[in-house]
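> here is a sequence together with a model predicted from it:
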Amino acid sequence: MTQPAPQPEYAQPQQAPIQHASHQQAPGQYPQRYVPHASMRPAADRPRKALAMVALALAVLVALMGPIQALITMALIRSGTAPSMIGMAGGVMGLVVGALSLGALGLGIGSVLRRERPRVLAGVAIGVGALGLVGLLSAGLQTLVFAF
């Protein structure tokens, strides 16, 4: 009988504890801090645009006031309202447009002076606010010229 060939002895691999790269640190070092993704920055680091957004919202309201004023005037004429009341409603609507235009213009300029990032929004609000004031002043001058 022949003896079986000797089997080489294999060393059993030693399993080291699993360590993640973020947990490995040299003695005396502090652990690395978590840095969030750019879209998850704190509010202080995000570009501020509150004034520009409010100015743009007021500018949209200024733009919508033209059709609203026309619809209100047509409804008052159709219902047989006295002409003096129609004129008063037009004056109130003019005051509302003036206030909204001044608000859009002021907040837009304030946004640009604060150097908020989306300057396009502030620019649109400044343009629409200025246009609303020019339209209001031209309508007032037209009324003044034709009244005399």
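Cool, the structure landed. Treat the numbers as computed from the prediction; the structure is a model and nothing was measured.
> now the host helix or strand of Val92, how far from the centre of its chain.
Taking DSSP states H and E as the definition, Val92 sits inside helix 83-113. Computed by CA atoms, centre = their mean, to the nearest Å, the chain-centroid distance of helix 83-113 equals 22 Å.
> how about it: buried residues?
89-90, 93-94, 97-98, 100-109, 111-112 (16 or more other CB atoms under 10 Å). For glycine as for every other residue, the C-beta is placed from the backbone atoms N, C-alpha and C.
> could I get the average pLDDT for it?
Taken as a whole, helix 83-113 has an average pLDDT of 93.
> got the confidence number for Lys49?
78.
> now it. Its backbone dihedrals?
phi -150, psi 20 (degrees, to the nearest 10).
> quick one: the spatially most central residue of the chain from Val112, how far?
Centroid check for the chain by CA atoms, centre = their mean gives Met53 as the closest residue, at 4.1 Å. Per CB to CB, to the nearest Å, Met53 is found 14 Å from Val112.
> could you do Val97 as well?
Val97 is 22 Å from Val112, by CB to CB.
> by contact count, what packs against the helix or strand hosting Leu141?
Secondary structure from DSSP H and E places Leu141 in helix 119-147. Here helix 119-147 touches helix 50-78, helix 83-113, going by 3 or more CB pairs under 8 Å, 6 or more residues apart in numbering; DSSP states H and E.
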